[in-house]
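[1] Fold the stuff below for me.
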Amino acid sequence: MKRENNKAVLYLVPFFVDVAIGMIFISIPLLAIELGASALTLGELGFIGGLFYVLFSLPFGKLSDRLGRKYIILSGSLGYFLSSFALSVSTQLYQLFIFMALLGIAGAMFWPSLEAWIAEREDKKPLTKRISFFNVSWCAGAAVGPLVGGVLFQLNHRLPLYLASFLSLLMAFLILNEPLDEKREDSFALREDLSERNIDPEGNSPSRGKAFSYLYAAWIANFTGYFSIGMIRYLFPKLSVQLNIQPFILGILLGVVALSQTLTFYILGRVSFWHYRWLPLFSLQLLGIIGLIFIFLGNSLTIFLLAFTLVGVGAGMSYFSSIFYGLSGHQDRGTKSGIHEAVLGGGALFGPLVGGIFAQAYSLRTPYLVAIFVIVAGIIGEALLIHMSR
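    So this is what the prediction gives:
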């Protein structure tokens, strides 16, 4: 029973950590706007957090391959606690930039190591379902976080950040009580049962070239998906203020993105027809493009709800593909998770910055046209990679 509880902790922790992060993501742009931030400054805030996340994800992922996962995950949780508490007492814009950088470093410690740890824990469930449970867990937290954060922000602008710091510290204590990494042989990846290997829809193991082409294509898709999500997180609050959308309604809208990702993760974890097939990956990215068009043109809450749902579905497909192709059949899972998170962080880094530049130069809706262009360019690149593997 104790072993089962320990496994459950690995799915509870990402849920509550992302509840905390969701509250931070909705609070910081609104707090920055109150401190006089322009659209460009909001983009720069997203950029600084993403920059440090990208720079440190791969090094910490590799370090977890060498030293083990637990204490790097624990350090990331403590980093989330320190950064969220520091943000809660910040009163100047420059302080937000400093502590957003710390938040990015904490994430680089936490997520790649946790993903690799979950993939390696002995479990009767196939890798696809373990990844699905993990994805549903963190993404459900990302849906709840903005909802709670939006309500709390209306009560007290610092309250969501206080709660985020408390949850991060609580998760650190849970991780501290976890056992050290379970011992495994160096040939771990070769000992996986058939259900956990790279299997194409016809039941055959794909060639090395095909497996890597889909991995690289998924990384591109993951970048473009989080380019859009990063832009929405940091720039849509500015548009929402202009449209007189209340913070708790904004929380609902941002939560819808994560909720639709959660449902996408759940479905993808239950079926396998999409493995090593280009059509599902491309089709769901096209839904994301439609969602961005709706954001560009829309003014009603109904249109925004639909738009954010479609963006979440597209990003959900891209994210799941990236993490699944990276963890399935590889021994250097910490490294692959680090690259996955660095690519994701790269999109979340450049989305707010590039979007902020265009919003400052043109209008608050122009960034979503830029995001459409980025996804289309990404799909073209993915198609070329997959075509070359044939």
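[2] so where's the stretch 151-300 of the chain uncertain?
    180-209 (pLDDT under 70).
[3] Helices along that one, start to end?
    Here the stretch 151-300 of the chain has its helices, by DSSP state H, counting those that start in this stretch, at 159-176, 208-242, 247-270, 278-297.
[4] give me the number of residues near Lys70?
    By the measure other Cβ atoms under 10 Å, the count of residues near Lys70 is 18. All C-beta spots, glycine's among them, are computed from the backbone N, C-alpha and C.
[5] Ala172 is in contact with that one, correct?
    No: with contact defined as Cβ atoms under 8 Å, Lys70 does not reach Ala172; the gap is 11.4 Å.
[6] just to revisit the earlier point, let me have the helices of the stretch 151-300 of the chain in a markdown table, extended by distance to Phe308.
    Output for these, formatted as a markdown table (distance: least, Cβ to Cβ, whole Å):
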| stretch | distance to Phe308 |
| --- | --- |
| helix 159-176 | 20 |
| helix 208-242 | 7 |
| helix 247-270 | 4 |
| helix 278-297 | 7 |
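[7] Which one of those lies nearest to Arg130?
    The closest of the helices of the stretch 151-300 of the chain to Arg130 is helix 247-270. By Cβ to Cβ, the value is 8.7 Å.
[8] about what we covered before: Pro146: which of the helices of the stretch 151-300 of the chain is closest?
    helix 247-270 (3.9 Å).
[9] circling back: ok, which of the helices of the stretch 151-300 of the chain comes nearest Ser57?
    Judging these by Cβ to Cβ, what sits closest to Ser57 is helix 208-242, at 12.4 Å.
[10] Return the distance of the closest one from the chain's centre.
    Here helix 208-242 is found 9 Å from its chain centre; the criterion is Cα atoms, centre = their mean, to the nearest Å.
[11] which helices and strands does it pack with?
    Here helix 208-242 touches helix 2-34, helix 39-67, helix 247-270, helix 278-297, helix 301-327, helix 333-361, helix 366-389, going by 3 or more Cβ pairs under 8 Å, 6 or more residues apart in numbering; DSSP states H and E.
[12] Tell me which of those approaches Arg158 most closely.
    Short answer: helix 2-34, nearest of the helices and strands packed on helix 208-242 by Cβ to Cβ, at 8.2 Å.
[13] ok, and for that closest one, which residues are buried?
    Residues of helix 2-34 classed as buried: 7, 10-11, 13-33 (neighbour count, 16 or more other Cβ atoms under 10 Å).
[14] Measure how far that helix is from the centre of its chain, please.
    Here helix 2-34 is found 11 Å from its chain centre; the criterion is Cα atoms, centre = their mean.
[15] which helices and strands sit right next to that helix?
    Packed next to helix 2-34, using 3+ Cβ pairs under 8 Å, 6+ apart, are helix 39-67, helix 70-88, helix 93-120, helix 127-155, helix 159-176, helix 208-242, helix 247-270.
[16] residues near Met388, how many?
    By the measure other Cβ under 10 Å, the count of residues near Met388 is 9.
[17] List the residues that contact it.
    Ser213 (Cβ atoms under 8 Å, 6 or more residues apart in numbering).
[18] so how far is Ile245 from it?
    Met388 sits 45 Å away from Ile245, going by Cβ to Cβ, to the nearest Å.
[19] Over to Ala37. Which of the three states is it?
    coil (DSSP: H, G, I helix; E, B strand; the rest coil).
[20] Hmm, it is touching Leu93, no?
    Yes: look at Ala37 against Leu93 with Cβ under 8 Å: they come within range, at 6.2 Å.
[21] I'd like the average pLDDT over stretch 54-61.
    For stretch 54-61, mean pLDDT rounds to 87.
[22] ugh, wrong one, I meant stretch 305-313
    Stretch 305-313 shows a mean pLDDT of 97.
[23] With stretch 349-365 instead?
    93.
[24] Give me the buried stretch members for it, please.
    Those would be 349-360, 364, for stretch 349-365 by 16+ other Cβ under 10 Å.
[25] Outside of that stretch itself, list whatever touches it.
    With Cβ under 8 Å, 6+ apart, stretch 349-365 has contacts from 38-47, 49-51, 53-54, 226-231, 233-235, 238-239, 242, 295-296, 366-368, 370-371.
[26] do that again at 6 Å, thanks
    39-40, 42-43, 46-47, 50-51, 54, 227, 230-231, 234-235, 238-239, 296, 366-367, 370 (Cβ atoms under 6 Å, 6 or more residues apart in numbering).
[27] How far off centre is that stretch?
    In terms of Cα atoms, centre = their mean, the centre of stretch 349-365 is found 20 Å from the chain centre.
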